[in-house]
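Enquirer: Take a look and give me a structure for this.
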Amino acid sequence: MVTTQQAKEKISRLTSRLRSYRVYHRYLGVGLALFLLISSLTGLLLGWKKDVDLLQPPTQKGVTTDLNQWVPLYQMARIATIALDSAQSINDNPIDRLEARPDKGIVKVLFADGYWEVQLDGSTGKVLSVARRHSDWIEHLHDGSIISDGFKLISMNVLGIGLLVLTLTGLSLWFFPKQIRNLKQ
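Expert: As a prediction, this is how the structure comes out:
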């Protein structure tokens, strides 16, 4: 059985802890607000990237999925570089990567500068699409790598730890008043 004095001491401890958690929660929330806003808005956009053509060009379909009939990758790289130069007057843009999509019969050639993408038919090398991938720079903004990889590492850790602390202090701000009310009765 809890005596009245013990209940008052426990209420005092809980109230004191509640006040400090409120302060931590408030200042941490204000400090993380911009990062949370950017991360949540860009996360929403990234969730829609396959469904909104403005964010990421739709994946085209090639003639065949038989890899034996495909043009060699070095030729596709050359064709894509020429296509980007002719469509957008961008030359000497280094290739970041080539993404083969055998199930669609295409290869996506992604360029390092400007977030450009050229889609080629795997079997003929025909240019199917030349477009900008806005989803890539949105992803870089989302994870902080748009500034640097070091910033990405630090900001994602701060954001993750901050969200964990906000969750724990938020649960405390919800739970402790109930406990105090029960002790007062």
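
Enquirer: so where do the helices sit in the chain?
Expert: Applying DSSP state H to the chain gives helices spanning 4-47, 73-88, 134-143, 149-184.

Enquirer: Okay, now the unreliable bits of this structure?
Expert: Low-confidence segments of the chain, defined by pLDDT under 70: 1-2.

Enquirer: Pop the domain breakdown of it in here.
Expert: Split into domains by automatic domain parsing, the chain comes to 4-48+143-184, 67-132.

Enquirer: how long is the last one end to end?
Expert: The reference is to domain 67-132. With C-alpha to C-alpha, to the nearest Å as the measure, domain 67-132 spans 27 Å from end to end.

Enquirer: same deal with the first one?
Expert: One end of domain 4-48+143-184 to the other measures 9 Å (C-alpha to C-alpha).

Enquirer: To what extent is the spatially closest residue to residue 36 that is not a sequence neighbour buried, counted in neighbours?
Expert: Once flanking residues are discounted, residue 36 sits nearest to residue 159: 7.3 Å by C-beta to C-beta, 6 or more residues apart in numbering. For the C-beta atoms, the positions are set from N, CA and C on the backbone; glycine is no exception. Neighbourhood size, residue 159 [other C-beta atoms under 10 Å]: 17.
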